[in-house]
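Novice: Need a 3D model of the following:
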Amino acid sequence: MQTFQISFYVLAFLIALALLFDFMNGFHDAANAIATVVSTGVLKPQVAVLMAAVFNFIAIGIFHLNVAMTIGTGTIDPSVIDQYVVFGALMGAILWDLLTWYFGLPSSSSHALIGGLVGAAVAKAGVGSLIASGLFKTILFIVLSPLLGFVFGSLMMVLVSWIFVRTPQRNVDRWFRRLQLVSAAMYSLGHGGNDAQKTMGIIWMLLIAAGITTSADPLPTWVIVSCYSAISLGTLFGGWRIVRTMGQKITKLKPVGGFCAECGGAATLFLATALGVPVSTTHTITGAIVGVGATRKMSAVRWGLAGNIIWAWIFTIPASAFAAAIAWWLGTHVL
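Specialist: Okay, the predicted model is just below:
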């Protein structure tokens, strides 16, 4: 990778912008981790977001940095990376996050970031700057992550229904109100482990391109701690518009359904993080919630709303890529 010249102030600004995106990622995706546990009445919203934030940070000691490596070195050609590409990628992702948050749509911060990288890189150097293998893996999991969430969530619901078929509903609710605390914590671990690493990858990419570190060096500890802290703080402040969509509008959940959805989502996130795939936590938990609802009856799911969410997913990468290309052009004139 060829290094570029960059002032300390521009470098600090871009790192701060990356951490702002990380904060917004936590803010935007807080609903994913807490919507089910809040909508079933197991925890009050304030307690739920605090628990989610804590387990987002605890993930720092559990997961390897496979996702950060994919983002940092596996999506676009390292030779095209400079301050303008990083600026464009981050601004494209942030603008899309703000737009979907305003309208209460649970879109993917992860894929907004991927779209931002693609848009800024293509604006600078054309489609030849993209690494097909890394992008293919990410695009494949755009489809697979909600499907896996759907399958795991519905299988958990069927299994639990078989096991507790003769148990009174009151007893089932009492047990799963407790167990949902465990499943929500596991999902928050998976959310922190996968999503915080995406921002680490961006900062890592920037530091390597600026010649401050090399790809052979380990990711600096201050980057890891900063990214986990930023996403945890974002989660703590939460995105309440999206909580209503995720926890109340797609389907009605009881504690047992919330437990199964969170377990299905957590299993998918743990698998993807181990494989180094930057998946969407939003896609994953939505698929799991729909899977749980569909096991009761197909009409239990509000498919019209689910369809609107899917359209938001489809537009995320091209929309954030377009915004990033414009931001890249502006960045070349102002940075």
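Novice: and the next element down the chain from the longest helix anywhere in the chain?
Specialist: Here the longest helix in the chain is taken by residue count, with DSSP state H as the criterion, and it is helix 169-209. Where DSSP states H and E defines the elements, the next helix or strand beyond helix 169-209 is helix 221-237.
Novice: So which residues of the chain form helices?
Specialist: Here the chain has its helices, by DSSP H, at 8-39, 45-58, 66-73, 83-102, 109-125, 132-163, 169-209, 221-237, 240-244, 255-275, 281-296, 303-334.
Novice: pLDDT of the shortest one, averaged?
Specialist: The average of the pLDDT scores along helix 240-244 is 54.
Novice: and Val37, how far is that from Gly276?
Specialist: Relative to Gly276, Val37 is positioned 28 Å away (C-beta to C-beta, to the nearest Å). In this view, the C-beta of every residue, glycine as well, is placed from N, C-alpha and C.
Novice: just to revisit the earlier point, comparing the helices of the chain, which gets the lowest mean pLDDT score?
Specialist: Per-segment confidence across those bottoms out at helix 240-244, which has a mean of 54 in mean pLDDT.
Novice: Pipe the helices of the chain into JSON lines and attach mean neighbour count and distance to Ser215 per row.
Specialist: As requested, the helices of the chain are arranged in JSON lines below (neighbours: other C-beta atoms under 10 Å; distance: least, C-beta to C-beta, whole Å):
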{"stretch": "helix 8-39", "mean neighbour count": "23", "distance to Ser215": "18"}
{"stretch": "helix 45-58", "mean neighbour count": "20", "distance to Ser215": "27"}
{"stretch": "helix 66-73", "mean neighbour count": "22", "distance to Ser215": "6"}
{"stretch": "helix 83-102", "mean neighbour count": "24", "distance to Ser215": "16"}
{"stretch": "helix 109-125", "mean neighbour count": "27", "distance to Ser215": "17"}
{"stretch": "helix 132-163", "mean neighbour count": "18", "distance to Ser215": "14"}
{"stretch": "helix 169-209", "mean neighbour count": "23", "distance to Ser215": "6"}
{"stretch": "helix 221-237", "mean neighbour count": "21", "distance to Ser215": "14"}
{"stretch": "helix 240-244", "mean neighbour count": "19", "distance to Ser215": "36"}
{"stretch": "helix 255-275", "mean neighbour count": "26", "distance to Ser215": "20"}
{"stretch": "helix 281-296", "mean neighbour count": "28", "distance to Ser215": "27"}
{"stretch": "helix 303-334", "mean neighbour count": "18", "distance to Ser215": "23"}
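Novice: What distance separates the opening and closing residues of stretch 71-80?
Specialist: Criterion C-alpha to C-alpha, to the nearest Å; first-to-last residue distance in stretch 71-80 is 14 Å.
Novice: Need the residues that contact that stretch.
Specialist: Among residues not part of stretch 71-80, those counted as contacts by C-beta atoms under 8 Å, 6 or more residues apart in numbering are 1-2, 85, 113-114, 117-118, 121, 124-125, 128-131, 133-135, 137-138, 197-198, 200-202, 204-205, 208-209, 215, 276, 278.
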